[in-house]
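K.L.:
here's a sequence, model it:
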Amino acid sequence: MQFKNPIIGLCQQAAFMISAAKVDQCPDDQGFEVAFAGRSNAGKSSALNTLTHASLARTSKTPGRTQLLNFFRLDEERRLVDLPGYGYAKVPIPLKLHWQRHLEAYLGSRESLKGLMLMMDIRHPLTEFDRLMLDWSAASEMPMHILLTKADKLAYGAAKNALLKVQTDLRKGWGDGVTIQLFSAPKRMGVEEAQAVLARWMELEDTVPAE
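P.N.:
Sure, this is the predicted structure:
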């Protein structure tokens, strides 16, 4: 018998919950949260929308449009969080520092945070922002899964080579704790693999029979 991952149904019913400019504006710190992070223009919003089969996060050709912590409810216990993509955002320095300060406060204090999805443009991986997030993940022992986004921009062989190179760099710099995969929102490449990671972090079992 085949089984359907229950995270799929939850993702399909994902709905906007609240936006928070500060940690004290976030929902109650209980249950399960998975946060999505990425350098501006790394395809974070597109990945989030593709994984949830919805248009939850705003996509824009102007980097840095996500300026708040945006929470999306999956059920009463589980949430996804779209984090500010402040890496190379063309915004005033004081605003960028505000994002960074409250992002760090969220990451450092949130008990319900169970894992971090980090988006990297496959053509420009391991930026300074990515390395900072990897350092934080290792120091805090927070599970991290990387989506090498925009994999459709490269030929399949080139994409696999890029994946292997980043895997090697990750092992050298951060050990074996970080997982990684290819991902393409337009081609829906890697969607099931990423959803399986979400299900594991949110403690969901593959026990629902597929239709």
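K.L.:
Ser19: what secondary structure?
P.N.:
Look at Ser19: counting by DSSP: H, G, I helix; E, B strand; the rest coil, its state is strand.
K.L.:
who's in contact with it?
P.N.:
For Ser19, the contacting residues are Leu68, Leu69, Asn70, Phe71, by Cβ atoms under 8 Å, 6 or more residues apart in numbering. Placement of C-beta: from N, CA and C, glycine included.
K.L.:
who is it paired with across the strands?
P.N.:
Beta-bridge pairing of Ser19 under DSSP bridges involves Asn70.
K.L.:
what does Leu147 give?
P.N.:
As for beta bridges, Leu147 partners with Met119, Gln181 under DSSP bridges.
K.L.:
from Ser45, how far out is it?
P.N.:
Leu147 is 12 Å from Ser45, where distance means Cβ to Cβ, to the nearest Å.
K.L.:
who has more neighbours out of these two?
P.N.:
With neighbours defined as other Cβ atoms under 10 Å, Leu147 and Ser45 compare such that Leu147 has more, 30 against 24.
K.L.:
isn't the more buried one up against Asp121?
P.N.:
No. Contact status for Leu147 versus Asp121: not in contact, 10.1 Å apart, counting by Cβ atoms under 8 Å.
K.L.:
overlap in contacts of these two?
P.N.:
With contacts defined as Cβ under 8 Å, 6+ apart, the residues adjacent to both Leu147 and Asp121 are Gly43.
K.L.:
which stretches of this protein form helices?
P.N.:
Secondary structure of the chain, counting by DSSP state H: helices at 6-12, 44-52, 93-109, 128-140, 156-174, 191-201.
K.L.:
out of these, which comes closest to Ala37?
P.N.:
Ala37 lies closest, by Cβ to Cβ, to one member of those: helix 128-140, at 5.8 Å.
K.L.:
please consider this matter closed, and thank you.
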